[in-house]
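>>> Kindly generate the corresponding structure for this input.
(one chain, ligands or ions: 1)
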Amino acid sequence: MPVEPRHAAELDDANRPGDASLPGDDGIEALRRRTVGELDRVLKRRHGGGRVGVLGAGSDDLESGRRYLARLAAGGYAVPSWPRAHGGMGLDPGQADAVRSALREFDAPNMYPFLVGLDLIGPTILAHADFEQQGRWLPRIRSGEDIWCQMFSEPDAGSDLAGLKAKAVRDGDGWRVSGSKVWTSRAHYSEWGLLLARHDSSVPKHKGITAFGLDMATPGVSVKPLVQMNRDAHFNEVFLDKVWIPDSDRIGGVGEGWRVGLTCLSFERGALGGDLGVKVEQLERLRALIPPGDAVTRDLWSARMVEFKIIQMTGLRAQEARKAGKAPGPEDSGSKLRGTAMIKKLAQLGMQLEGAAAVVGADDPDEWQSLFLMSPSLSIRGGTDEIQRNILGERVLGLPTEPRVDKDRPFSDTV
Ligand SMILES: Cc1cc2nc3c(=O)[nH]c(=O)nc-3n(C[C@H](O)[C@H](O)[C@H](O)COP(=O)(O)OP(=O)(O)OC[C@H]3O[C@@H](n4cnc5c(N)ncnc54)[C@H](O)[C@@H]3O)c2cc1C
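Below you'll find the predicted structure:
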C-alpha cells in the first residue's frame, strides 16, 4: 500500500507569544539565573550525575512526579511556554528553554509518565481545543492529576498514520467509536487519551479524521499491556467497543483530526529531536570508568562526545528556527537519527565498560543495561529511522517524493 509518512509538515501556533512581564532584552542568562534563585526556595540542588535517562524504562512512580509538579505549580515552571491564564509563565521558546535549563540544576524524579501531557498534548490542546476544554483539561495536566496518552497508531497504521481505521459514528450529542489502537504508551494508567478516529471514509484519508479527548474510564475501553524486552510494560493495546464520547470532547472541527495529530507529532519530534534524554555529565561519568591508558576505548568515548555535541548544536539551530516562527525543518529528523545511533553506541560502550556488572541484578536492572535494551525502540518511536531518512531525502537532498497515489482518492477506495 502506498504510504504517506508521518510528516511534521505544519506547526500550529501553540507557543503563544510571551505574555510575561519580562523585558525582551532582559537576557536569557539573567532569566535563567533568576529562575534558579526562585527554584532554590522550592527544590533541592542536584548533586552528581544520577541515572542515565532511559525514556520510560521502569519509571512508573507517579506520586513522586505529582509531588514535584505541586512544588512547581505556583511559579508555572513546569509549563513555562503555556499562557499565564492556564498556569504557565507565558514565555517564548527561548525564554522557556532558559527555565528548563534552570530546572536541570535541581533534583527531579523521573517525569516520563507526565511528559506526553506536559510537552505534547498540553500544547496541542492549547493550539486546537476551545477555551472551555482548555480550562477543564490543562490544570489537571499541569498538576499531574491527569496523565494523557497518544491514541494514534493502529495495527495497520503506524508510519502511514493517516490510514487509521478506528471508526467514529455520530450518536445523539456525541459519537460512538470502535476499533483498536496499539503501542499506546502509558494507556494502562492514563486518565485521558488524545484519540484519532475516522468519521468519514468517503473522502481522502487525511480529510476523514476527527480528534477527541477520550476519558479512559468510559465503558467499552479495554487496555492490555504489552511486555517489552527490558521487562517494562509501558505500552499497550487498547480496544474500543462502541465507546461513547460526548461531542464536547471533540478537539478541533469535524475532519480536522489530521491537523491536530500533526501538531502533536511535531511537538513529539521536537521533544525527541535533541539529546534524547542523555546528559553531558552522564557521558563524563562513563569516561571515569575507562581504564587508564586504554586509548582505544577513550577514542570510542570521544566519538560519542563529538556526536553528542553535534546533536546539541543542531538542536540549538532548530530551536532558533522555532523562535523565529518557522515550521519544524528537517533538523529534528537529522537529530533524531543521529541521537538514536549515538545512544545505541553509547549504551554498548556502557555495557562494555561495566562488564559482568551490567548484566547481573535482574531485580534492579543496571542503568546501562536498561538503556541498551531500550535503545532499539528509538529507531521506531516518534517516526522510524526510514521515515526520517525519507524526510531528509525529500527535504534536504531534493530527491523525488514517494508515490502517494491514495492521497486524493476516497479512503474507502484504497482499503
Ligand atoms: C517505545 C514506543 C512507544 C510508542 N508509543 C506510542 C504511543 O504512545 N502512541 C502511538 O500512537 N504510537 C506509539 N508508538 C508507535 C509508533 O509511532 C509506531 O511504531 C511507528 O510510527 C511505526 O509504525 P509501525 O510500528 O506500524 O511500523 P510500520 O509503519 O508498519 O513500519 C514497518 C517497517 O517499514 C518501514 N516503512 C514504513 N513505511 C515506510 C516508507 N514509506 N518508506 C520506507 N520504510 C517504511 C518502517 O520504517 C519500519 O521499518 C510507539 C512505538 C514505540 C516503539
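>>> Run through the residues that contact the spatially most central residue of the chain.
Averaging the C-alpha coordinates of the chain gives a centre point, and the residue nearest to it by C-alpha atoms, centre = their mean is residue 268 (3.7 Å). Residue 268 makes contact with 120, 150, 382 under the criterion C-beta atoms under 8 Å, 6 or more residues apart in numbering. (C-beta placed from N, C-alpha, C; glycine too.)
>>> Considering only those residues, which also neighbour the ligand?
Among the contacts of residue 268, the residues that sit close to the ligand (C-beta under 6 Å from any ligand atom) are residue 150.
>>> wait, which of the contacts of residue 268 is closest to the ligand?
Here the nearest of the contacts of residue 268 to the ligand, counting by C-beta to the nearest ligand atom, is residue 150; it sits at 3.9 Å.
>>> How much space separates the closest residue to residue 76 other than its chain neighbours from residue 308?
Of all residues not flanking residue 76 in the chain, residue 89 sits nearest, at 4.3 Å (C-beta to C-beta, 6 or more residues apart in numbering). Note on residue 89: its distance to residue 308, by C-beta to C-beta, to the nearest Å, is 29 Å.
>>> now swap in residue 42 and tell me
30 Å.
>>> what's the answer for residue 184, then?
Distance check for residue 184 against residue 308: by C-beta to C-beta, it reads 31 Å.
>>> of the two, who's got more company?
Between residue 184 and residue 308, counted using other C-beta atoms under 10 Å, the more crowded position is residue 184 (27 against 21).
>>> Can you spell out which residues form a bridge with the more buried one?
residue 236 (DSSP bridges).
>>> so it touches residue 236, yeah?
Yes. In terms of C-beta atoms under 8 Å, residue 184 counts as a neighbour of residue 236; the distance is 4.9 Å.
>>> Any chance of JSON lines for the contacts of residue 268, columns secondary structure?
Putting these into JSON lines (DSSP: H, G, I helix; E, B strand; the rest coil) gives the following:
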{"residue": "120", "secondary structure": "helix"}
{"residue": "150", "secondary structure": "strand"}
{"residue": "382", "secondary structure": "coil"}
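>>> can you list residues touching both of residue 184 and residue 236?
When contacts are counted by C-beta under 8 Å, 6+ apart, the set common to residue 184 and residue 236 consists of residue 223.
>>> Give me the domain ranges for the chain.
Residue ranges of the domains in the chain are recorded as 24-147, 149-257, 261-395, according to automatic domain parsing.
>>> what's the longest helix seen in the chain packed up against?
When secondary structure is assigned using DSSP state H, the longest helix within the chain turns out to be helix 295-323. Packed against helix 295-323, as judged by 3 or more C-beta pairs under 8 Å, 6 or more residues apart in numbering; DSSP states H and E, are the following elements: helix 93-103, helix 280-287, helix 331-354.
>>> right, and the domains of the chain - which one's nearest residue 402?
Distances from residue 402 to each of the domains of the chain were compared using C-beta to C-beta; the minimum, 6.4 Å, belongs to domain 261-395.
>>> Report the distance from that closest one to the chain centre.
Averaging C-alpha coordinates over domain 261-395 and over its chain gives two centres that are 14 Å apart (C-alpha atoms, centre = their mean, to the nearest Å).
>>> for stretch 222-234, same thing?
Distance of stretch 222-234 from its chain centroid, counting by C-alpha atoms, centre = their mean, is 18 Å.
>>> Buried residues, it. List them.
Of the residues in stretch 222-234, 223, 228, 230, 232, 234 count as buried by neighbour count, 16 or more other C-beta atoms under 10 Å.
>>> Could you restrict those to the ones contacting the ligand?
With C-beta under 6 Å from any ligand atom as the criterion, the subset of the buried residues of stretch 222-234 in contact with the ligand is empty.
>>> tell me which of these is nearest to residue 279?
residue 230 (20.0 Å).
>>> With adjacent residues omitted, what lies nearest to the closest one?
Using C-beta to C-beta, 6+ apart, the closest residue to residue 230 is residue 373 (3.6 Å).
>>> So the one you found sits against residue 229, correct?
Yes. When contacts are counted by C-beta under 8 Å, residue 373 is listed as touching residue 229 (5.6 Å).
>>> Spell out which residues of the stretch 301-415 of the chain are next to the ligand.
For the stretch 301-415 of the chain, the residues in contact with the ligand under the definition C-beta under 6 Å from any ligand atom are 377, 380, 381, 384, 386, 387, 390, 402.
>>> hmm, try it at 8 Å
If contacts are counted using C-beta under 8 Å from any ligand atom, the residues of the stretch 301-415 of the chain sitting beside the ligand are 374, 377, 379-387, 389-390, 402.
>>> Ok, the stretch 51-200 of the chain next?
In this structure, the stretch 51-200 of the chain approaches the ligand at residues 55-56, 116, 149-161, 181-187, judged by C-beta under 8 Å from any ligand atom.
>>> repeat that with 5 Å
In this structure, the stretch 51-200 of the chain approaches the ligand at residues 150, 152, 153, 158, 159, 183, 184, 185, judged by C-beta under 5 Å from any ligand atom.
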